[in-house]
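**Q** Provided below are the primary sequence and the corresponding predicted coordinates.
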Amino acid sequence: MLDFLAYIFFSVLLPLVGVSFLGWAAFRLWVHYIQQDFISGIEWVLLEIVPPREVLRSPKAMELFLTNALYHWSNKGGVEEYWQGAVWFWHSLEIASLEGQVHFYIRTASRLKSLVETQMYAQYPQAQVKLAEDYTLAVDRITDESAWNLWGCEFKLTKPEAYPIRTYVDYGLDKDPKEEYKVDPVSSVIELFSSIGPGEQMWSQVVIKPPKKKYHTSGTWFGHHDWVKESEITLEKLLKPYTNIKKQANNPNEFAMETRTPDKFKPIVDGMTKKVLKLGFETGVRICYVAKKENFNMSNRRNMRLLWRQYESPSLNGFARFNSTQADAYGTNFIASWLLLSKAKIMRLADRMLEEYRERAFFYLPLRHAIHFPWPISPYIFPNYFHHKTFMLNVEELATLWHFPGQILKVPTLERIESKEAAPPPNLPT
């Protein structure tokens, strides 16, 4: 009997499993190859948005811009996705300070340029949209021999993505208060970015794409659901201790569910419920402080990171530093520090951060991001201690992170435009 079972295992099951695994691996490699080939053919443009002198609208206008210009959710057929390698375009919302001069940028596919322009003018008629050179190209590789040094990090959420961050609504900006009463979180960013001097740069990017993220449905083999359903599941788990299911007295086969939410949880439930009422984007966030080696100020890396605390609510969500180029992912562990925190490794991490910022990389990543080796093997094979974290933010949260400040912010190094450039009237005599 044992001989027969061994025969079945080695002659039937093992070859079947091996062929299935090879087929799956070949399929994954093929999809990766054709996607990278498709991505290499995308022409990108960097658009600078010069805000108007007077921004009278609340960030609600930016919500509408993000929805109309950048939310390109669609279903792709099997030929498009698995033969042509078609991917959904991603976009980068950026604020950059070049020696104290602050600029707003959007990096997107060239075929979407006219749509971005028209929708920006629709919400901000006095703004100006113009093509710009990629400011990151002025910085060469980060090595011992280069003139530049770089610190950077990415962010992840402190709680499940169903919990919202603190938004402009929490700051009262949805009510369009008078300028002297506005409390705008983006003003803090502009002030810090404008304070740096010669040889220094500060970069911030929020990379987004339509939500294609899938979550495994518990209790199924291959079932999955979207981020809205995942948020509902998270909310149900939160309220489960306060939910009571009773049989109906007149019909034992029917049940009634009653949830008594404690007062302390009501703001949390309200925030989680409102988050899924607006369109969401899969999001990645990255910041960098770049400077000539003789101008590099260690305090500025801390200052940049601390700015993101203004979006945090202890009972809801916030941002936590992740994938820092300090290579301190393993804390103060002596062995980890001794093995991993060499100057060469930190330089490699900084150069990797520069490359991925320049590529606006969070989605459809190179193959090395698909291979997960456990620590401490991974840092020696791929100098990228952790893999990117993306999460869902809705348009209200994104508009909080990236919108134009009001005129109360008097920063001379933030370029503004007095009036929109217009074409001559069509009825002029020739």
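**A** Yep, that arrived.

**Q** contacts, neighbours, all on C-alpha from now
**A** Noted.

**Q** so where does Ser58 fall, helix or strand?
**A** Per DSSP states H and E: Ser58 is located in neither a helix nor a strand.

**Q** burial measure for it, as a count.
**A** Using other Cα atoms under 10 Å, Ser58 has 21 other residues around it.

**Q** Start from the N-terminal end of the stretch 201-350 of the chain and give the strands.
**A** Taking DSSP state E, counting those that start in this stretch as the test, the strands found in the stretch 201-350 of the chain are 215-216, 224-225, 243-247, 255-259, 280-292, 319-322.

**Q** out of the ones you listed, which comes closest to Glu99?
**A** Closest approach to Glu99 among the strands of the stretch 201-350 of the chain (Cα to Cα): strand 280-292, 9.1 Å.

**Q** quick one: strands adjacent to that closest one?
**A** Here strand 280-292 is paired, per DSSP bridges, with strand 148-157 (antiparallel), strand 200-209 (antiparallel), strand 391-394 (antiparallel).

**Q** in the next helix or strand after the first one, what's buried?
**A** Past strand 148-157, further along toward the C-terminus, the next helix or strand under DSSP H and E is helix 185-193. Counting neighbours by 16 or more other Cα atoms under 10 Å, one finds that the buried residues in helix 185-193 are Pro185, Val186, Ser187, Val189, Ile190, Glu191, Leu192, Phe193.

**Q** how does this protein divide into domains?
**A** The chain breaks down into these domains under automatic domain parsing: 1-41, 43-213+279-401.

**Q** Which residues are in contact with Glu48?
**A** His103, Phe104, Tyr105, Ile106, Val129, Lys130, Leu131, Ala132 (Cα atoms under 8 Å, 6 or more residues apart in numbering).

**Q** Can you flag which of those belong to strands?
**A** His103, Phe104, Tyr105, Ile106, Val129, Lys130, Leu131, Ala132 (DSSP state E).

**Q** Kindly reformat those as TSV containing pLDDT and distance to Ser204.
**A** Shown next, in TSV, are those (pLDDT from 0 to 100; distance: Cα to Cα, whole Å):
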residue	pLDDT	distance to Ser204
His103	94	11
Phe104	95	10
Tyr105	97	10
Ile106	96	11
Val129	93	19
Lys130	94	19
Leu131	95	19
Ala132	94	16
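
**Q** hmm, which of these are the buried ones?
**A** Buried members of the ones in strands among the contacts of Glu48, counted by 16+ other Cα under 10 Å: His103, Phe104, Tyr105, Ile106, Val129.

**Q** so how far is Gln123 from the last one?
**A** Separation of Val129 from Gln123 (Cα to Cα, to the nearest Å) stands at 12 Å.

**Q** What of the second one?
**A** Applying Cα to Cα, one obtains 16 Å for the distance of Phe104 from Gln123.

**Q** likewise the first one?
**A** Distance check for His103 against Gln123: by Cα to Cα, it reads 19 Å.
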